[in-house]
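>>> Got a predicted structure plus its sequence, pasted below:
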Amino acid sequence: MKKLIACSAIVGLLAGCVQPIPPEALQFQPDNLENRQLQSRKYDIKSEKELLSASNNVLQDMGFNLDESNMPLGVIVASKSRDATEAGQVAGAMFMAFMFGANAASYDKVQKIRASLVTKPASSNNPIAVDVKTKSGKQIKFDQQVPVANSYIVRVTFQRLVWNQKGVMTKIEGINDPEIYQEFFDKLSKSVFLQAQNVN
Amino acid sequence: MKERVLDSSADGQTSVQLRNIQTRSFDTSDKAKTMRTIIATLQDLGFVVDKADLDLGTVSATKLNGYALRMTVSVRPSESGKAMIVRANAQYNTTPVNDPKPYQDFFVSLQKSLFLTANNVD
C-alpha cells in the first residue's frame, strides 16, 4: 500500500499538480463492455465459496500473494512483484548512456502486478420483464435478472505498475491482453474441475 | 500541513456541499446486492478492487490508466432502513476530486446497473 501511495505521488509529480480528472474517467465507454467480456467467464460449480477457493489456488499457482479477501462479497485481491527488464529496452538504454551519459539511460526494472477477482451468481437468459409505476407516478421498465443455481461468473482484472532502474515509476496501466485472460481462465477451468473431483 | 491532512480549504467548499456531491440514496434494503453492484460498476469503469468489507460496507478501488484514480465507496442503511445511502470519494493522482461532474457520472453508471434511481440526500 505504501508503494501505491508513493506511486500516486510520483504520478502526480509527472502529471503536474493541477491536472484535472479526465472527463471520461467515470463514464461508460464502448470498450468497457468489451473488457467485461474479456475479463469474465461463467462456471458451473456448487457454490461461490468453492469457486473462490479454486480461483485462489490458480492465483497461487501463478505466484500471486493474497492481499485482501472478502468471502461474502466474492472478492479476492492478490499481487506479486516481478522483474520487468526486456532485452530490447536495456540495449536501447545502453545506447542512450553511451551517447548522452549514464543519466539519460532508463529501462524498466521492477513491476508489481495486481489481480483482483470478483465472483457473482450468474443470471439466466430469461429475465423477468418488470413494468411498474413508482410512487411519484413514473413508469419504469426493466429486466429483473433471475439467478441460476450452481452457476457463477468470475471477473478478473490485472494491472501493473512499473519502475525503472532508478526506482522511478514509468508505467501504470491496466492489462487488457486477451491471451493473458484466455490462459488464466483455461487454468481456472482446470482448477474448478479438480475442485469438483476433490483432487489436489 | 494541517490543510493537507484535513483538506480544510477545499476551494471554500463546505463539508455539507461535498457530502451532497458525493452522496446518493437508493431505494433498496439489500446491502450486499448494492455492494456487489458497486463492485461490478467499478469493474466496468476499469477499476481494480483493492479492498471490500461487507460488514463495514466499504469498497476501495483504483483505476490505473496513465493516472491513478482511487475511489472509496461506502454503503449504509438509511434511518428508515428502506434505502441505502451510498457515498463515494475519489482522489486523482494526489488531488481530491471535488468537482460534482465525475460523481454524477459515477452515480449515473451505478443507477443503470442497480435499476434504481439515485436520489439526492438532504
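Cool, got the structure. Numbers count the residues shown, from 1 in each chain, chains lettered A, B, ... in the order given.

>>> contacting residues for residue 108?
This is for chain A. Residue A:108 makes contact with A:84, A:85, A:86, A:89, A:162, A:163, A:164, A:170, A:171, according to CB atoms under 8 Å, 6 or more residues apart in numbering or on different chains. Quick note: C-beta positions are derived from backbone N, CA and C, even for glycine.

>>> was after chain B, sorry
So residue B:108 contacts residue B:118 (CB under 8 Å, 6+ apart).

>>> ok, now how distant is it from residue B:114?
Using CB to CB, to the nearest Å, residue B:108 is found at 11 Å from residue B:114.

>>> May I have the predicted confidence score for the residue of chain B found nearest chain A?
Closest contact between chain B and chain A, by CB to the nearest CB, is at residue B:94 (3.4 Å). The model reports residue B:94 with a pLDDT of 88.

>>> All the strands of chain A, in order from the start?
A:40-44, A:65-70, A:75-83, A:108-123, A:128-133, A:139-144, A:147-164, A:169-175 (DSSP state E).

>>> now for the shortest one, which elements pack on it?
Under the contact criterion of 3 or more CB pairs under 8 Å, 6 or more residues apart in numbering or on different chains; DSSP states H and E, the helices and strands touching strand A:40-44 comprise strand A:147-164, helix A:178-197.

>>> got the angle for that strand vs helix A:178-197?
With axes from the mean of the first three to the mean of the last three CA atoms, to 10 degrees applied, the angle from strand A:40-44 to helix A:178-197 works out at 20 degrees.

>>> so how far is chain B from residue A:81?
The gap separating residue A:81 from chain B is 16 Å, by CB to the nearest CB, to the nearest Å.

>>> Correct me if wrong: that residue contacts residue A:114.
No: using CB atoms under 8 Å as the test, residue A:81 is too far from residue A:114 to be in contact (10.3 Å).

>>> Looking at these two, which has the bigger crowd around it?
Comparing residue A:81 with residue A:114 by other CB atoms under 10 Å in any protein chain shown, the one with more neighbours is residue A:114, at 23 against 14.

>>> Could you tell me which residues within the helix or strand harbouring residue B:41 count as buried?
Here residue B:41 sits within helix B:31-44, counting by DSSP states H and E. Residues of helix B:31-44 classed as buried: B:34, B:35, B:36, B:37, B:38, B:39, B:40, B:41, B:42, B:43, B:44 (neighbour count, 16 or more other CB atoms under 10 Å in any protein chain shown).

>>> export it as CSV, just CAs?
Provided in CSV are the C-alpha atoms of helix B:31-44 (Å, rounded to 0.1, in the frame of the first residue of the first chain):
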residue,chain,number,x,y,z
LYS,B,31,-26.9,-4.0,1.3
ALA,B,32,-25.0,-7.0,-0.1
LYS,B,33,-26.7,-6.6,-3.5
THR,B,34,-25.9,-2.8,-3.5
MET,B,35,-22.3,-3.5,-2.7
ARG,B,36,-21.9,-6.2,-5.4
THR,B,37,-23.4,-3.8,-7.9
ILE,B,38,-21.0,-1.1,-6.9
ILE,B,39,-18.1,-3.6,-7.4
ALA,B,40,-19.4,-4.6,-10.8
THR,B,41,-19.9,-0.9,-11.8
LEU,B,42,-16.3,-0.1,-10.7
GLN,B,43,-15.0,-3.0,-12.7
ASP,B,44,-16.9,-1.9,-15.7
